[in-house]
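Visitor: Kindly generate the corresponding structure for this input.
(one chain, ligands or ions: 1)
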Amino acid sequence: MSESFSLEAVVRPNILALKPYRCARDDYSSGILLDANENSLGSAVTGDYVSVAQAQALNRYPDPLHVQVKDRLVKLRNLPGPDHVFLGVGSDEVIDLLVRIFCVPGKDKILITPPTYGMYGVTAQINDVGVVKVPLTVTEPMFQLNTAQILETTRQDPTIKMIFVCSPGNPTGTLIDPDAIRHLLQSLDAFRGIVVVDEAYIDFVASDRGESVASWVTQYPNLVVLQTMSKSFGLAGIRLGLGIAQPAIIQLMNNTKAPYNVGTPTAAIALAALTDEGIAKMQSSAVQLRAQRDLLLKELPKITGVGELVGTHDANFVLCRILAKDGSGEPSSERAHAVYERMAQQCGLVVRFRGNEPGCAGCLRITVGTPEENQKLLLLLAQTLEQL
Ligand SMILES: Cc1ncc(COP(=O)(O)O)c(C=O)c1O
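Guide: Take a look at the predicted model:
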């Protein structure tokens, strides 16, 4: 690295100067707590949840930082310590915080690489932050970063503060070449901002295909890795996402978040899922879903009207093209949309239409279900394609 990265130069000046709010539980969390205007008599919960509410002291505000949860994540992800982890209300909250920390509304921009996860662009728009798009490659190797174009774009426009990389991608299901990510991180002559690597689906990646870049945060002060409990841990309902970065960035995120963003029940359930047994269960479900994914990859092409299975299928979904009825072999977004609608409305089976995304003509994104759900999907898709 000939140039050096300066966090101070990238952070919004108002965030850098922020004197963070100090909440009551930052100071004391035990004793006779008459400091946070909680209800000393307990919660209004009745019925089955009374014991849960009492055991978890739900009349009290949660721990603001949940260090115990972070300790377990540190062990799982091989990180130096809890000061490298931020916990948010899903990774969606982490995305929003990052945009707010680094991008001045009405002035700065983020760079995204379509087809990609929709919330990067939506979050930017909500925050009045511009969005620059450099699409992923749509010829072999499919759905990889066009690093030359990304870096040329950032070189030309220093108001681009962040690059969002999704790996494995949504909806592409494709793991991004780690060398390309490293290239972005190291090209400080062309980009001095933050590279965000969203690894929501990382636990579904087979070990011979690649692995997380989370441990790279020790080398790169300009890297933030996002992960989530929503996918491989099967805990989308608790809303817990992670930002992994060097302590200076984690500190900025803690300064900027709402005081008690992650609730006590969420943390308690996350702790239970992060025991050795919980992690073994997560890993076993990832193995089973991968096997079911491989079955879908084998069976889908046998259905008349199903075309190419696009990308490298590294996540818990597959992206498949629906072909035109005329036998031309061309993908048809119109037919894919009709299939999607018919299956949802008449069969109660819902997949996602993605035919309007770059490189995704005619594409449906299908989440891997249970073995029974997958059989049903194969049957209903075949029947629907016969009709439409
Ligand atoms: C790539 C990607 N990132 C982040 C998220 C949001 O995850 P969370 O539930 O942690 O907010 C999703 C959800 O579908 C996703 O696909």
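
Visitor: how many neighbours does R182 have?
Guide: As a burial measure, R182 scores 17 neighbours (other CB atoms under 10 Å). In short, each C-beta sits where N, CA and C put it, glycine included.

Visitor: Show me the shaky parts of the protein.
Guide: Along the chain, segments meeting pLDDT under 70 span 1-2.

Visitor: What residues does it have near the ligand?
Guide: G90, S91, D92, Y117, C166, N170, D198, A200, T228, S230, A236, G241 (CB under 6 Å from any ligand atom).

Visitor: switch the cut-off to 8 Å
Guide: Contact residues (CB under 8 Å from any ligand atom) of the chain with the ligand: 88-95, 116-117, 119, 166, 169-170, 198, 200-201, 226, 228-231, 236, 239-241.

Visitor: can you pull out the helices in this structure?
Guide: 7-10, 13-16, 24-27, 50-55, 67-77, 90-102, 119-126, 147-156, 178-186, 247-256, 264-273, 276-299, 333-347, 371-387 (DSSP state H).

Visitor: how far out from the middle of the chain is the third one?
Guide: Its chain's average C-alpha position is 30 Å from that of helix 24-27, according to CA atoms, centre = their mean, to the nearest Å.

Visitor: burial count for the residue in the chain positioned nearest to the ligand?
Guide: With CB to the nearest ligand atom as the measure, G90 is the residue of the chain nearest to the ligand, at 2.6 Å. Using other CB under 10 Å, the number of residues around G90 comes to 22.

Visitor: Return the residues in contact with it.
Guide: Counting by CB atoms under 8 Å, 6 or more residues apart in numbering, G90 touches T228, S230, R239, L240, G241.

Visitor: top of those residues by neighbour count?
Guide: L240 (28 neighbours).

Visitor: so it sits right up against L87, yeah?
Guide: Yes - using CB atoms under 8 Å, L240 is in contact with L87, at 6.4 Å.

Visitor: Find residues that contact each of those two.
Guide: V69, V262.

Visitor: So which of the helices of the chain is the most surrounded?
Guide: Mean neighbours per residue, mean count of other CB atoms under 10 Å, is largest over the helices of the chain for helix 90-102, with a mean of 23.

Visitor: could I get it in CSV with only the CA atoms?
Guide: Only the C-alpha atoms of helix 90-102 are listed here, as CSV (Å, rounded to 0.1, in the frame of the first residue of the first chain):
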residue,chain,number,x,y,z
GLY,A,90,-30.4,-7.1,11.5
SER,A,91,-27.7,-6.3,9.1
ASP,A,92,-30.2,-3.8,7.6
GLU,A,93,-29.6,-1.6,10.6
VAL,A,94,-25.8,-1.9,10.2
ILE,A,95,-26.1,-0.9,6.5
ASP,A,96,-28.1,2.2,7.5
LEU,A,97,-25.7,3.2,10.3
LEU,A,98,-22.7,2.8,7.9
VAL,A,99,-24.3,5.1,5.3
ARG,A,100,-25.1,7.6,8.0
ILE,A,101,-21.6,7.5,9.5
PHE,A,102,-19.7,7.9,6.2
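
Visitor: Determine how far it lies from the middle of the whole chain.
Guide: Offset of helix 90-102 from its chain centre (CA atoms, centre = their mean): 11 Å.

Visitor: can you give me the angle it makes with helix 247-256?
Guide: 100 degrees (axes from the mean of the first three to the mean of the last three CA atoms, to 10 degrees).

Visitor: rewinding a little: any idea how far the residue of the chain closest to the ligand lies from K376?
Guide: As judged by CB to CB, to the nearest Å, G90 and K376 stand 29 Å apart.

Visitor: do A338 as well
Guide: Applying CB to CB to A338 and K376 gives a distance of 19 Å.

Visitor: how is the chain carved up into domains?
Guide: Here the domain assignment for the chain is 7-23+61-274, 283-387, based on automatic domain parsing.

Visitor: If we ignore the residues flanking it in sequence, what's nearest M253?
Guide: Closest residue to M253 in three dimensions, ignoring its sequence neighbours and counting by CB to CB, 6 or more residues apart in numbering: F86, at 4.3 Å.

Visitor: quick one on the thing from earlier: now render the domains of the chain as TSV, adding distance to A44.
Guide: As requested, these are exported to TSV (distance: least, CB to CB, whole Å):
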stretch	distance to A44
domain 7-23+61-274	15
domain 283-387	36
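
Visitor: out of the ones you listed, nearest to D35?
Guide: Shortest separation from D35 across the domains of the chain is recorded for domain 7-23+61-274, at 9.8 Å, computed as CB to CB.

Visitor: Check the offset of the closest one from the chain's centre.
Guide: The answer for domain 7-23+61-274 is 8 Å, by CA atoms, centre = their mean.

Visitor: returning to that earlier point: tell me the contacts of the residue nearest to M253?
Guide: By CB under 8 Å, 6+ apart, the neighbours of F86 are V94, L97, L242, G243, I244, A245, I250, M253, N254, K257.

Visitor: repeat that with 7 Å
Guide: With contact taken as CB atoms under 7 Å, 6 or more residues apart in numbering, F86 is in contact with V94, L242, G243, I250, M253, N254.
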